[in-house]
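Visitor: Fold the following, please.
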Amino acid sequence: MLQRIDNVRLLVEAGADIDAREGGSMITPLHRAVYVDSYDIAHYLLEQGADSTLENKMGHLPADTIKTFKNRGVGREMHGWHLKVVERLGLDPDEVTLP
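Guide: All right, here's what the predicted structure looks like:
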């Protein structure tokens, strides 16, 4: 069975736009990945050149999503690619990790 990251890889390899916007919300795959705690996908998208400076309809960056939802689980203790994504988005890991 394919994992979500495998599905994303297949789509990107087939030419999917990694910065495509979702309907009226204007969120990108990177916004969605951090919102649903899929840091493996977020890391992959960033490595493939996803634009972390694109804002959604509300003017939020993917990094803002992490900050907004840090108490929902996004901010759990981070290791490996979790930390790389947070740092690549210009965040201080101490701002998003829970005590």
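
Visitor: correct me, but residue 54 touches residue 61?
Guide: Yes. Assessed by C-beta atoms under 8 Å, residue 54 is found in contact with residue 61 at 7.4 Å. The C-beta positions use only the backbone N, C-alpha and C, and glycine is treated the same way.

Visitor: what residue ranges in the protein score low on pLDDT?
Guide: Applying pLDDT under 70 to the chain flags the ranges 1-2, 68-83, 93-99.

Visitor: I figured residue 5 was touching residue 40, is that so?
Guide: Yes. Between residue 5 and residue 40 there is a contact at 5.0 Å, judged by C-beta under 8 Å.

Visitor: Quick check on the two: which one has the bigger neighbour count.
Guide: Just comparing residue 5 and residue 40: by other C-beta atoms under 10 Å the higher neighbour count belongs to residue 40, 17 against 14.

Visitor: the helices in the protein, which residues?
Guide: For the chain, the helices defined by DSSP state H occupy 4-13, 29-35, 39-47, 62-68, 81-88, 93-96.

Visitor: Make TSV out of these and add distance to residue 23.
Guide: Formatted as TSV, the helices of the chain follow (distance: least, C-beta to C-beta, whole Å):
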stretch	distance to residue 23
helix 4-13	18
helix 29-35	12
helix 39-47	19
helix 62-68	17
helix 81-88	24
helix 93-96	27
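
Visitor: of all the ones you listed, which lies closest to residue 19?
Guide: Nearest of those to residue 19, taken as C-beta to C-beta: helix 29-35 at 7.5 Å.

Visitor: so what secondary structure elements neighbour that closest one?
Guide: In this structure, helix 29-35 packs against helix 39-47, helix 62-68, with contacts taken as 3 or more C-beta pairs under 8 Å, 6 or more residues apart in numbering; DSSP states H and E.

Visitor: Please identify the buried residues of the shortest one?
Guide: Yep, that's helix 62-68 we're talking about. By 16 or more other C-beta atoms under 10 Å, the buried positions in helix 62-68 come out as 62-66.
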